[in-house]
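[1] next input, structure requested:
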Amino acid sequence: MGKLKITQTKSVIKRPEPQKRTIKALGLGRPHSVVVHTDTPQIRGMIRAVAHLLKIEEIK
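    From the prediction side, this is the model:
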């Protein structure tokens, strides 16, 4: 499986609580924080829910 580099680009201030919890579950919290996750359907689903707050890059 590939890897995904996930960068938070926007703040979660004034966002609904489920979006805040999803960002926290991904291991993010502040704008410009970066994490690397394996590319799984569960991670893709979480990314899809908060895609407007993130920048995604595939790592091969």
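[2] which stretches of the protein have low pLDDT?
    By pLDDT under 70, the chain contains no weakly predicted segment.
[3] any chance you could map the strands in it?
    Assigned by DSSP state E, the chain shows strands spanning 3-8, 34-38, 54-59.
[4] and the last one, what's buried?
    Looking back up the chat, that one is strand 54-59. residue 54 (16 or more other CB atoms under 10 Å). Backbone N, C-alpha and C define where each C-beta goes, glycine included.
[5] quick one, that strand and strand 3-8 angle?
    Calculated by axes from the mean of the first three to the mean of the last three CA atoms, to 10 degrees, strand 54-59 forms an angle of 160 degrees with strand 3-8.
[6] try the shortest one
    Angle of strand 34-38 versus strand 3-8, following the same axes, to 10 degrees, is 150 degrees.
[7] contacting residues around strand 34-38?
    1-8, 26-28, 43, 59 (CB atoms under 8 Å, 6 or more residues apart in numbering).
[8] may I have the strands that pair with it, each with its orientation?
    When pairs are called by DSSP bridges, strand 34-38 turns out to pair with strand 3-8 (antiparallel).
[9] just give me how far the partner strand sits from the chain centre.
    7 Å (CA atoms, centre = their mean, to the nearest Å).
[10] repeat that for stretch 39-49.
    Distance, centroid of stretch 39-49 to centroid of chain: 8 Å (CA atoms, centre = their mean).
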